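>>> Fold the following.
(one chain, ligands or ions: 1)
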Amino acid sequence: MACFKLENVEDLYEIREVLGSGHFGQVREVCERATGILWAGKFLKLRRGAGSRLGLEKEIVEKEVEILQSLQHPNIMALKDVFESKAEVVLIVELIRGGELFDFIAEKESLTETDAIEFLKHVLEGVRYMHSKHIGHFDLKPENIMLSDKRAPNPNIKIIDFGMAHCFLQGEEYRCMGGTPQYIAPEIINNECLSTAADMWSIGVITYILLSGLSPFQGETNEETLRNIVELKYQFEPHYFSQTSSMAKDFIQKLLVKEQSERMTAEECLIHPWIKPLTRTQIAKRNRSSINMKNFRMFNAKRKWKMSYNMVSACNRLCKLKLDCKTNALEKQDLRSCESDQEDTETKTASLLRRRLSNSS
Ligand code: ATP
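Residues are numbered from 1 along each chain as shown. Reported below is the predicted structural model:
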């Protein structure tokens, strides 16, 4: 059972600038008064009552806290403390100063596959550890992969945001809808029983984007994206993958596999020849191949623009919801599973698509 402190967080920490925002609150820099050490505070609004759609259920926050408490790994954001008041829960976590990995890469002139693999290895090590504890993240995407310090010679990767994570009990059947269309595995869309393999699919998508600046399943609409995923409709367009090694493509192909049990695990990824080459020829191939930087920068700029746009529309929706709450009694709904990030219609689209697909089969 997660232990939340009831003291006022401001008595122990000075609250400073905003570092980022999510659906349920802000992340701010905080300074521990006793030591002067800087941390990040994740302020999560709690749902006020059964009829409210604003804020998170306490059990959902407890789940995130319990999972973070059970994870201690250099590539996973560490949790220090948790405070609770009537209206919110504050998670005091390790301050991650280096920003998002994708932003860091986008600033580079050029990057070989060997350089990119160093970052990917860190992600895989964090995920291997998490999966060894039967924990799935279920929201792996570029926004949740950060760098500890981008000025360090070998910056360390930190996986953040365990708001969708789940710890599997033995023999448990777990289903959950949610996530960001571009990165979610087909079994999530099909509402099948999930396993930690869903994270491996997302790593396949992230790697594909990292190398080419293209998103493998992206359609014109969320619905088209989800359909492309369940139909496994993707290809390595020669124009975008001209600088990519065959080993890298093989790595991706072994992750974008529909059958969960046939997908590579994090453990297997770490010994794939692209990640851990065995011969000189394999090493040379990796060094000769590079990231399509021009296209990657374009992808990243569009992604950032979309994030800001979604943040503004999320704020607008929140304002509208607050107004509605005053006049209407709203139906009970679990917002966390419906809105794992700033995409507008993702879960609605997913359930719509599922209904359509099952009607047509
Ligand atoms: P979502 O609505 O996507 O579930 P969330 O409310 O769970 O978001 P996070 O994704 O954990 O919040 O954090 C929101 C943003 O705050 C991140 O995208 C990141 O920019 C920033 N952030 C989160 N954790 C840290 C940290 N430990 N150090 C620095 N910045 C952080």
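>>> Every contact and neighbour count from this point should use C-alpha atoms.
Fine.
>>> Output the set of residues of the stretch 51-200 of the chain in proximity to the ligand.
Within the stretch 51-200 of the chain, the residues that sit near the ligand (Cα under 6 Å from any ligand atom) are 93-97, 143, 160-161, 163.
>>> Closest to Lys5 out of the residues you listed?
Comparing those against Lys5 with Cα to Cα places Val93 closest, at 14.4 Å.
>>> The nearest residue to the closest one once chain neighbours are set aside and Met293: what is the separation?
Here the nearest residue to Val93 in space, its sequence neighbours aside, is Leu79; by Cα to Cα, 6 or more residues apart in numbering that works out to 4.4 Å. Distance of Leu79 to Met293, given as Cα to Cα, to the nearest Å: 34 Å.
>>> now swap in Phe162 and tell me
Using Cα to Cα, we find Phe162 at a distance of 30 Å from Met293.
>>> ok, what's across the strand from the spatially closest residue to Thr196 that is not a sequence neighbour?
Beyond its immediate neighbours in the sequence, the residue positioned closest to Thr196 (Cα to Cα, 6+ apart) is Gly136, lying 4.7 Å away. Each beta-bridge partner of Gly136 is listed here: His166, as defined by DSSP bridges.
>>> doesn't His166 make contact with Gly136?
Yes - look at Gly136 against His166 with Cα atoms under 8 Å: they come within range, at 5.4 Å.
>>> which ones are touching the residue nearest to Val93?
Contacts here follow Cα atoms under 8 Å, 6 or more residues apart in numbering; on that basis Leu79 touches 65, 68-69, 91-94.
>>> Please apply the same query to His137.
Going by Cα under 8 Å, 6+ apart, His137 touches 162, 164-166, 196, 199.
>>> Mind listing residues that contact stretch 268-276?
Residues from elsewhere that reach stretch 268-276, judged by Cα under 8 Å, 6+ apart: 117, 121, 124-125, 247-248, 251, 282, 286.
>>> which two in these are spaced the farthest apart?
Of all pairs drawn from the contacts of stretch 268-276, the widest gap by Cα to Cα lies between Glu125 and Gln282 and measures 21.4 Å.
>>> what about these two, which has more around it?
Comparing Glu125 with Gln282 by other Cα atoms under 10 Å, the one with more neighbours is Glu125, at 20 against 16.
>>> Could you tell me whether that one really is in a strand?
No - per DSSP: H, G, I helix; E, B strand; the rest coil, Glu125 lies outside any strand segment and is helix.
>>> CSV for the contacts of Leu79, including neighbour count and pLDDT?
As requested, the contacts of Leu79 are arranged in CSV below (neighbours: other Cα atoms under 10 Å; pLDDT from 0 to 100):
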residue, neighbour count, pLDDT
Val65, 21, 97
Leu68, 22, 98
Gln69, 15, 97
Leu91, 24, 97
Ile92, 25, 98
Val93, 22, 98
Glu94, 19, 97
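>>> Let me have those residues in TSV, adding secondary structure as columns.
Supplementary listing: the contacts of Leu79 in TSV, determined by three-state DSSP:
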residue	secondary structure
Val65	helix
Leu68	helix
Gln69	helix
Leu91	strand
Ile92	strand
Val93	strand
Glu94	coil
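>>> could those residues go into JSON lines alongside distance to Thr35?
JSON lines is the format used below for these (distance: Cα to Cα, whole Å):
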{"residue": "Val65", "distance to Thr35": "24"}
{"residue": "Leu68", "distance to Thr35": "23"}
{"residue": "Gln69", "distance to Thr35": "22"}
{"residue": "Leu91", "distance to Thr35": "18"}
{"residue": "Ile92", "distance to Thr35": "14"}
{"residue": "Val93", "distance to Thr35": "15"}
{"residue": "Glu94", "distance to Thr35": "14"}
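>>> Between Gly136 and His166, which is the more surrounded one?
Shown here are Gly136 and His166; by other Cα under 10 Å, Gly136 has more neighbours (25 against 20).
>>> Relative to the ligand, how far out is that one?
From Gly136 over to the ligand the distance is 15 Å, taken as Cα to the nearest ligand atom, to the nearest Å.
>>> and if you look at Met298?
When Cα to the nearest ligand atom is applied, the distance between Met298 and the ligand equals 20 Å.
>>> That residue: what secondary structure?
Following three-state DSSP, we place Met298 in the helix state.
>>> wait, doesn't it sit right on Gly213?
Yes - shown here, Met298 and Gly213 form a contact pair, counting by Cα under 8 Å, at 7.2 Å.
>>> okay, these two: which has more neighbours?
When neighbours are counted by other Cα under 10 Å, Gly213 comes out ahead of the other of Met298 and Gly213, with 22 against 13.
>>> show me what contacts that one?
240, 292-300.
>>> buried subset of the residues you listed?
Of the members of the contacts of Gly213, the ones counted as buried by neighbours, 16 or more other Cα atoms under 10 Å, are 240, 292-293, 295-297, 299-300.
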